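# Here is a sequence with its predicted model. Questions after.
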Protein chains: 2
Amino acid sequence: MRAGERLETLLWKRSDGGGWSLPGGFVRPHETLDDAMARHLREKVGVERVGHIEQLSTASRPDSHPDLWLVDVAHIALLASDTDPRLPPDTDWHPIDDLPDVAFGHRAVIEQARDRLRGKLSYSNIAFALAPETFTLRELAALYSAVLGHPVDPTNLGRVLERDEVLEATGDRRPAGESGGRPAAVYRFRERDYAITRPYAAFRPPSRAS
Amino acid sequence: MRAGERLETLLWKRSDGGGWSLPGGFVRPHETLDDAMARHLREKVGVERVGHIEQLSTASRPDSHPDLWLVDVAHIALLASDTDPRLPPDTDWHPIDDLPDVAFGHRAVIEQARDRLRGKLSYSNIAFALAPETFTLRELAALYSAVLGHPVDPTNLGRVLERDEVLEATGDRRPAGESGGRPAAVYRFRERDYAITRPYAAFRPPSRAS
DNA sequence: TCAAAAGTGTTTATAATACACCCATGG
DNA sequence: CCATGGGTGTATTATAAACACTTTTGA
């Protein structure tokens, strides 16, 4: 998945006329799941750096083929918005809230991935995987807005993420555009590994010793 | 897992002297993963009703056996604290914060499961899977406390969960014990299916139309 | 000097926690 | 009538969202 103007997912147009489906592939002997995922992303869409990847769900398909016992392991891969994968033919990005005709089962997987991402955006630093290396608060707010589906205020977003020690200012400023305006401060994520930055939505530990 | 005085997990003592490990088993042909999990819980520990079960992680093990390609799918199963599984020999409950010598890899899985459960406790109704059908607020607070590892106030817990429409009063009262005291109101969970009851830790949608 | 964009300071709203006090029961 | 546990009401605190206003730039 990728967050441009909207949250998008990569889909592959099936040649058998069965509509679109999630891209996938097989695991080779002596290969781990993570290695296989990295290989598919590299070989099929030319993506070397994946922001974040995690497992979603696993399904066993013992009856799909007379001689094989297939096991599907769905993953979410998050790509930075400034990476530009080279798309093979029959593969394209689709806005996640306006999907085309998707093969049975995959729609539910995509929606599960979207909901998980939306949730994690509010209690973790997961956005590092979707953002470029450095960015202004306006750009980051646009990214949050694309994922969450509602407007996000850049100022308040920055204050929340700075308090949680998720962001830090680089000290640089982005020069103003042609239409003028004050130059924007440039930020980066302190950590680029997934971390829960807000453990308690409620039921936090007592503040004083009892 | 189960929450009594502490959060506990079921472990199986390996006969090969390799310490303790998570209970597991194989999936049969023409059987789904969910069916296999239900069967193992039924056959091995006599548990018919599982509060909640979800997948944790999947690992491929192509090299563990010359002729087989094994795929491990770890699950979290949550049992109500009033169910009493019949334990086979060499199987026993262990407090999750005081584990014995656990086979390599399984410790990380158990800790991942614990952390996930702690997180979900604060933004979902997941506690229904650990609680008996009905309970007092004191009992529920003890359960939360066992999982979270810090004291939880019964009154405030009830207020939060009632506002989120997670709990409802049955109307019954639990008679006082031998040492007296006011009878406690009895509650139940409104829904016994997993639901996110608190979607936003931060970055909630604007309150007014822009 | 005006428009545009960024940033600061502050107010407001909300909601969880903390705490003081009252209620119902058994012995 | 007192100890015990449950419950109510409210004060406190924390913090996210909203908003008014200032700063910095380009034309």
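That came in fine, so what should we check first?
# alpha carbons only for contacts and neighbour counts from here, please
Will do.
# ok, now which ones touch the spatially most central residue of chain A?
When CA atoms, centre = their mean is applied to chain A, the residue found nearest the centroid is A:L78 (3.0 Å). Applying CA atoms under 8 Å, 6 or more residues apart in numbering or on different chains, one finds that A:L78 lies in contact with A:M1, A:R2, A:V50, A:G51, A:H52, A:I53, A:A129, A:L130.
# list the contacts for the first one?
Going back to what we said before, that points to A:M1. Remark: with contacts taken as CA under 8 Å, 6+ apart, A:M1 is in contact with A:L7, A:E8, A:T9, A:L10, A:I76, A:A77, A:L78, A:L79.
# Tell me the one of these nearest A:D35?
Of all these, A:A77 has the smallest distance to A:D35: 13.2 Å, by CA to CA.
# Can you pull the phi/psi pair for that closest one?
Recorded main-chain torsions at A:A77 are phi -120, psi 130, according to degrees, to the nearest 10.
# can you pull the contacts of A:P175?
If you count contacts by CA under 8 Å, 6+ apart, A:P175 has them with A:R182, A:P183, A:A184.
# go with 7 Å
A:P183 (CA atoms under 7 Å, 6 or more residues apart in numbering or on different chains).
# Is any residue of stretch A:142-155 near DNA strand C?
Yes. For a cut-off given as CA under 7 Å from any atom of the strand, stretch A:142-155 has contacts with DNA strand C, namely A:T155.
# which residues are in contact with that stretch?
Residues beyond stretch A:142-155 that count as contacts (CA under 7 Å, 6+ apart) turn out to be A:A3, A:G4, A:E5, A:R6, A:L7, A:R118, A:L137, A:R138, A:A141, B:P205.
# Got the confidence number for the residue nearest to the centre of chain A?
A:L78 carries a pLDDT score of 97 in this model.
# Tell me if the longest helix along chain A is near DNA strand C.
Within chain A, and with DSSP state H defining each element, the longest helix by residue count is helix A:106-123. No. When contact is scored as CA under 7 Å from any atom of the strand, no part of helix A:106-123 falls within range of DNA strand C; the minimum is 14.8 Å.
# For that helix, what does the pLDDT average out to?
Confidence over helix A:106-123 (mean pLDDT, whole number) is 96.
# Pull out the buried residues from that helix.
The neighbour-count criterion (16 or more other CA atoms under 10 Å in any protein chain shown) identifies A:R107, A:V109, A:I110, A:A113, A:R114, A:L117, A:R118, A:G119, A:K120, A:L121, A:S122, A:Y123 as the buried residues of helix A:106-123.
# same deal with stretch A:28-35?
Of the residues in stretch A:28-35, those buried (16+ other CA under 10 Å) are A:L33.
# so after the helix or strand containing the residue nearest to the centre of chain A, what's the next helix or strand?
Assigned by DSSP states H and E, A:L78 belongs to strand A:70-78. Remark: after strand A:70-78, the chain's next helix or strand is strand A:91-95, criterion DSSP H and E.
# Tell me which other helices or strands that following strand touches.
Here strand A:91-95 touches strand A:7-13, going by 3 or more CA pairs under 7 Å, 6 or more residues apart in numbering or on different chains; DSSP states H and E.
# Which neighbours in the sheet does the strand it packs on have, and how are they oriented?
According to DSSP bridges, strand A:7-13 has the following sheet partners: strand A:2-3 (antiparallel), strand A:20-21 (antiparallel), strand A:91-95 (antiparallel).
# could you give the mean pLDDT of the second one?
When the per-residue pLDDT values of strand A:20-21 are averaged, the result is 92.
# Can you identify the element that follows that strand toward the C-terminus?
Counting by DSSP H and E, what follows strand A:20-21 is helix A:33-45.
# So which residues on chain A come close to chain B?
Proximity of chain A to chain B is confined to A:29-30, A:32-33, A:55, A:57, A:59-60, A:62-63, A:119, A:122-123, A:150, A:199-203, A:205 under the rule CA under 7 Å from any CA of the partner chain.
# Tell me the one of the contacts of stretch A:142-155 nearest DNA strand D?
Nearest to DNA strand D among those: B:P205, at 6.5 Å, using CA to the nearest atom of the strand.
# Specify the local secondary structure of the nearest residue to the closest one once chain neighbours are set aside.
With CA to CA, 6 or more residues apart in numbering or on different chains as the measure, A:H150 is the residue that lies nearest to B:P205, at 5.9 Å, once sequence neighbours are left out. For A:H150, the secondary-structure state derived from DSSP: H, G, I helix; E, B strand; the rest coil is coil.
# Neighbours of A:H150, how many?
14 (other CA atoms under 10 Å in any protein chain shown).
# With A:E162 instead?
Close neighbours of A:E162, defined as other CA under 10 Å, add up to 15.
# quick one: contacts for it?
Contact partners of A:E162, counting by CA under 7 Å, 6+ apart, are A:E168.
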